[in-house]
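>>> prediction below, plus the sequence it came from.
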Amino acid sequence: MSALWIAHVRVTDAEAYGRYASMAGPVIAAHGGVFLARGGRYRQLEGNDRSRNVVARFPSLDAAVACYESREYQAALAHAKGASERDLVIVEEAPPAVE
């Protein structure tokens, strides 16, 4: 079952966060991740407002977790730490409804 990687981010250092984004994108793709939303328009309805929202679909929860735990992603993530406030969750997608 596919899974969604959902991040809500407030960038505090654009230069450092840019290094994270340029390194993380290829790592996510290498683990089968495909971006569905990446910093586009949004409307905050509840909770904490974070101006950057990212959603990527992975082939499975295990693939998404493997990406996050990979040495390459952790190297990219080092640039985001201290340069952003982030919430990240990985959640399995619901199976398609049967009609």
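Sure, I can see it. None of these values were measured; they are calculated from a predicted model.
>>> where do the helices of this protein begin and end?
14-30, 61-69, 71-80 (DSSP state H).
>>> residue 88: which of the ones you listed is closest?
Among the helices of the chain, the nearest to residue 88 by CB to CB is helix 61-69 (7.8 Å). For the C-beta atoms, the positions are set from N, CA and C on the backbone; glycine is no exception.
>>> what's that closest one in contact with?
Helix 61-69 has contacts (CB atoms under 8 Å, 6 or more residues apart in numbering) with 1, 3, 5, 27-28, 30-33, 56, 58, 73, 88, 90-92.
>>> likewise stretch 70-82?
Defining contact as CB under 8 Å, 6+ apart, one finds that stretch 70-82 is touched by 9, 12-13, 16-17, 19-20, 23-24, 27-28, 30-31, 67, 86.
>>> re the thing from before, ok, which of the helices of the chain comes nearest residue 49?
Nearest to residue 49, of all the helices of the chain, is helix 14-30, at 17.1 Å by CB to CB.
>>> show me what that closest one packs onto, helices and strands only.
Secondary-structure packing of helix 14-30 (3 or more CB pairs under 8 Å, 6 or more residues apart in numbering; DSSP states H and E): strand 3-11, helix 61-69, helix 71-80.
>>> now the longest one: how far from the chain's centre is it?
Counting by CA atoms, centre = their mean, to the nearest Å, helix 71-80 is centred 12 Å from the centre of its parent chain.
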